[in-house]
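Peer 1: this is the structure alone, sequence omitted:
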């Protein structure tokens, strides 16, 4: 009796492949992280083979992140990669509220954010929240148009980091030490509040101060002009070792014409 061919099923809900495809459907580029870890599964620039996608130069994980379902399936059907979400290309700003890593009773990131909101007279932002494997939280915000925010560490307070351009977060479904990242509460993503943007935007560089050069009118007789030119030339041509003495003599010679 001939056995029927096994039916190949799509990814089951909650699988890492499904998580990667779900993020890509939202327009969020993803890339593989090491199974059970947080580090990119792609080679670093120091060990770039300069082949394939890197033939013309090393291609970073941020540039290799993709929303192409075909590329995603090709990658995630080989291993159970965790899912890295490139926040910059996704036009996201993610506020990372961490837990104290030493197990102390120090205020965690969520408590510090609450304190920051109270001092600013602002409500705690309500937006898409992802519970991390360590018990912390990722708050997802849409990046403001025209803003090019970078990653920060502690800019908003202790145990509060942000991920934007140049950064990534583990997408929901990723697993660390047996604990999965998962969405909590409403999934609607709110724009980054303006008062937080003011604290995260890089300071504008001060324009360089240019001291104006005011040309001094040359007054006096023809003899004064001749002496000034002569003494200036003499000072410029003084040999090394006698420059200071020559300059002093030239200044004295021209000084009588100042009045």
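Peer 2: Structure received. Given the structure is predicted, the values throughout are model-derived calculations rather than measurements.
Peer 1: what's the neighbour count on residue 61?
Peer 2: The number of residues packed near residue 61 is 19, by other Cβ atoms under 10 Å. (C-beta placed from N, C-alpha, C; glycine too.)
Peer 1: thought residue 44 was touching it, still the case?
Peer 2: No: using Cβ atoms under 8 Å, residue 61 is not in contact with residue 44, being 9.2 Å away.
Peer 1: endpoint to endpoint, stretch 64-82 covers what distance?
Peer 2: Stretch 64-82 has an end-to-end distance of 15 Å (criterion: Cα to Cα, to the nearest Å).
Peer 1: what's the average pLDDT for stretch 28-36?
Peer 2: When pLDDT is averaged over stretch 28-36, the result is 97.
Peer 1: biggest helix in this structure, by residue count?
Peer 2: Ranked by number of residues, the top helix in the chain under DSSP state H is helix 222-236.
Peer 1: secondary structure class for the residue nearest to residue 158 when sequence neighbours are not counted?
Peer 2: Closest residue to residue 158 apart from its sequence neighbours, by Cβ to Cβ, 6 or more residues apart in numbering: residue 112 at 5.4 Å. Secondary structure, DSSP: H, G, I helix; E, B strand; the rest coil: residue 112 is helix.
Peer 1: residue 112: what's it in contact with?
Peer 2: 97, 156-160 (Cβ atoms under 8 Å, 6 or more residues apart in numbering).
Peer 1: can you tell me which of these are in strands?
Peer 2: The strands, defined by DSSP state E, take in 97, 160 from the contacts of residue 112.
Peer 1: nearest to residue 184 among the contacts of residue 112?
Peer 2: Taking Cβ to Cβ as the measure, residue 184 sits nearest to residue 97 out of the contacts of residue 112, at 12.1 Å.
Peer 1: so what's the residue count around that closest one?
Peer 2: Residue 97 sits with 23 neighbouring residues when counted by other Cβ under 10 Å.
Peer 1: next, the contact list for it, please.
Peer 2: Per Cβ under 8 Å, 6+ apart, neighbours of residue 97: 108-110, 112-113, 136-139, 159-160.
Peer 1: including distance to residue 191, could those go into TSV?
Peer 2: Listed next are the contacts of residue 97 as TSV, based on distance: Cβ to Cβ, whole Å:
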residue	distance to residue 191
108	25
109	21
110	21
112	22
113	17
136	22
137	18
138	16
139	12
159	24
160	19
